[in-house]
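Asker: got a predicted structure plus its sequence, pasted below:
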Amino acid sequence: MTTFFCIGTRLAVLAICVSVSLVNAEAAFGQIFGIELHNNVMPASGGMGGASVAQPQDLLSAINGNPATMSQFRGTQFTFSGAWIEPTVNLEHTGGVLPGIGTFSGKSGTPGSVLGNIGVTQELSVLGLPVTAGVALISASGIGVDYAAQPNSNNSAVTIQILQLQPGLGIQLTDRLAIGGNFGLGIGLFDGLFVGSSKATPDYGMRGTFGVSFDPDPCTKIGFYYQSKEKFKFENAIVLQPFVGPPSVPIDVRGDLPPNIALGIANSSLANGRLLLATDLVYKFWEEATLFDALFTNQFIVQVGAQYTTQRGRKLRLGYTYAEESFVDVTGNVIAGITPPGAANAIQYAQGLIPAVLSPHRFSAGFGVPNVLPGVDLDIFGGGQFLSSATFGRTTASLETYFIGGGLTFRCGRGSGCKKSAHNEWCGTSQPQCSSCEQDVE
């Protein structure tokens, strides 16, 4: 009876969390690296500056980052998490260069956002396969600003949201080498940005990730991944300058998420293995992403995280991130495959509407508590991006962001091959039967 009650409870929680994730993803607002969140609001990585390429401390970061690291998660594990992101975006425009837009200054009216992430990993060694499978629903990307309340802004606003479904596999080739891959199917929503009349327009995009994980020694892990571009075409999304000249027809807007590469290293040799230090280097190819290639140059990012485990198993985390500012010096007049009214001036104005590569410095902290209930771990994190500003022609934008969140992870040994019987393992009450599972089954 206890087993069936536990299984039923978890299935109910799963259904609720999927629903919440789908609803809240529509409000996604991410100003972390451009419009992509990566692992900066995941339950454990969120407290470590997002550092997770080599040795992620939560399964969502493994699925969403380097898929080879899924092989580090034993048995059956299920995580759901949420985060609140509170941005403060201000814009000042002196006018005189764009049709219909005059001088105005004010704060974006877009409220903070609730983000949901949910995922599960399943080790398959009980079947004789050195494989861990995983799937996650991720609030991947988003941005939103709204200056409709400001006189002379001509209802200037922009919304970009992307929700991603990501199944993947991690394969342990040898004791020290693992590879992995995932496939991302994203639903994107675009509205606004240009001078004209727009509507919220959806489209689907796909991207893939290939990763490698290598252990040069028992205390060190090295990880690498490549993530492909994700293309979107928002059909009939906007009518340009409908208030001047003859009637216009709706046109398509093209927008891509960029290719990314990342290299990470993690070491746990200090403090008798209780101190984990991790560093990630991420490079974003904005110049290969339609729409954003007119706004940003390629971007280099450094993520540094530390985690100290107390004698009682509590996790204390700190993180720092440096992301270089990477705005383009606008010389062309094409963005997203179109020439907007005002040409280069309009693109500079768009840079002010999407100031997402501002705030190069970010700090975060968090903590983790294992077994708050039998087989259930709790992770909490918070952090912020410092105030930063930049000027683009006649437009000046400033940005600062604060975020807080957490998650619960349900763990059991089912599928790990450590026990032939799994009668009570769904409830996390079984004891480890082999050393390889000691960190995952308690």
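Answerer: Yep, that arrived. Numbering: from 1, shown residues only.
Asker: for Gly96, grab the count of nearby residues.
Answerer: Gly96 has 10 neighbours, counted by other C-beta atoms under 10 Å. C-betas here are computed from N, CA, C, even on glycine.
Asker: which ones are touching it?
Answerer: 102-103, 394 (C-beta atoms under 8 Å, 6 or more residues apart in numbering).
Asker: hmm, 7 Å instead?
Answerer: Contacts of Gly96 were listed using C-beta atoms under 7 Å, 6 or more residues apart in numbering, and they are Arg394.
Asker: can you tell me the SS state at it?
Answerer: At Gly96 the chain is in coil, as set by DSSP: H, G, I helix; E, B strand; the rest coil.
Asker: packing partners of the helix or strand harbouring Ala266?
Answerer: Element membership for Ala266, per DSSP states H and E: strand 260-270. Counting contacts by 3 or more C-beta pairs under 7 Å, 6 or more residues apart in numbering; DSSP states H and E, strand 260-270 packs against strand 220-227, strand 275-284.
Asker: now do the shortest one: distance to the chain's middle.
Answerer: Which is strand 220-227. 17 Å (C-alpha atoms, centre = their mean, to the nearest Å).
Asker: show the subsequent helix or strand relative to that strand.
Answerer: Trace forward from strand 220-227 with DSSP H and E and the next one is strand 230-240.
Asker: so how far is that following strand off the chain centroid?
Answerer: With C-alpha atoms, centre = their mean, you get 23 Å for strand 230-240.
Asker: quick one: strands adjacent to the very next helix or strand once past that strand?
Answerer: Next helix or strand after strand 230-240 toward the C-terminus (DSSP H and E): strand 251-257. Sheet pairing of strand 251-257 (DSSP bridges) gives strand 230-240 (antiparallel).
Asker: who's in contact with the strand it pairs with?
Answerer: Applying C-beta under 7 Å, 6+ apart, the external contacts of strand 230-240 come out as 184, 186, 188, 190, 194, 196-199, 201, 203, 205-207, 248, 250-257, 340-341.
Asker: now the helices and strands packed on strand 260-270 in CSV, with mean pLDDT?
Answerer: Formatted as CSV, those follow (pLDDT from 0 to 100):
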stretch, mean pLDDT
strand 220-227, 98
strand 275-284, 98
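Asker: before we move on, back to that, filter the contacts of strand 230-240 to the buried ones?
Answerer: 184, 186, 188, 190, 194, 196, 198, 201, 203, 205, 207, 250-251, 253-257, 340-341 (16 or more other C-beta atoms under 10 Å).
Asker: run a quick neighbour tally on the residue nearest to Glu324 when sequence neighbours are not counted.
Answerer: Leaving aside its sequence neighbours, Glu324 sits nearest to Phe300 (C-beta to C-beta, 6 or more residues apart in numbering; 5.3 Å). As a burial measure, Phe300 scores 12 neighbours (other C-beta under 10 Å).
Asker: off-centre distance for the helix or strand hosting Phe300?
Answerer: Applying DSSP H and E as the criterion places Phe300 in strand 299-309. Relative to the mean C-alpha coordinate of its chain, strand 299-309 is positioned 15 Å out (C-alpha atoms, centre = their mean).
Asker: who does it touch, helix- and strand-wise?
Answerer: strand 275-284, strand 315-323.
Asker: to Ser389, which of those lies closest?
Answerer: In terms of C-beta to C-beta, the element of the helices and strands packed on strand 299-309 nearest to Ser389 is strand 315-323, at 15.6 Å.
Asker: partners of the closest one in the sheet?
Answerer: Using DSSP bridges, the strands paired with strand 315-323 are strand 299-309 (antiparallel), strand 361-373 (antiparallel).
Asker: cool, thanks, signing off.
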